[in-house]
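**Q** give me a model of this one.
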Amino acid sequence: MEQNVGVLDRISRIVVAIALLFVLLKSGKAALFTATVLVASGALLSSAASGYCPLYIHLGISTSDKT
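**A** Now for the predicted structure:
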């Protein structure tokens, strides 16, 4: 897997994931919303950590300087 997520994109994904988790903790609701937020946060953190986004491959996008 070649990196296709740049530094600024990775930082923004981390910030959004943390914000989603914060909203989840503040809401205190355990329902479909909770599962959706957890999956979204996990996907964002995973792509930020690896520097690879499968959706970017399908869209033909790369924010990495290594392309």
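**Q** where's the residue nearest the centre of the chain, which helix or strand?
**A** The geometric centre of the chain, computed from its C-alpha atoms, lies nearest to L44 (C-alpha atoms, centre = their mean), at 1.3 Å. Taking DSSP states H and E as the criterion, the element that holds L44 is helix 32-50.
**Q** same thing with L21?
**A** Secondary structure here is read from DSSP H and E; on that basis L21 sits in helix 7-27.
**Q** buried set for that helix?
**A** Taking 16 or more other C-beta atoms under 10 Å as the neighbour-count basis, helix 7-27 is seen to contain the buried residues D9, R10, R13, A17, L20, L21, L24. Placement of C-beta: from N, CA and C, glycine included.
**Q** can I get those residues in JSON lines with pLDDT and distance to A48?
**A** What follows is the buried residues of helix 7-27, written out as JSON lines (pLDDT from 0 to 100; distance: C-beta to C-beta, whole Å):
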{"residue": "D9", "pLDDT": "90", "distance to A48": "8"}
{"residue": "R10", "pLDDT": "90", "distance to A48": "4"}
{"residue": "R13", "pLDDT": "89", "distance to A48": "4"}
{"residue": "A17", "pLDDT": "88", "distance to A48": "7"}
{"residue": "L20", "pLDDT": "83", "distance to A48": "13"}
{"residue": "L21", "pLDDT": "82", "distance to A48": "13"}
{"residue": "L24", "pLDDT": "79", "distance to A48": "18"}
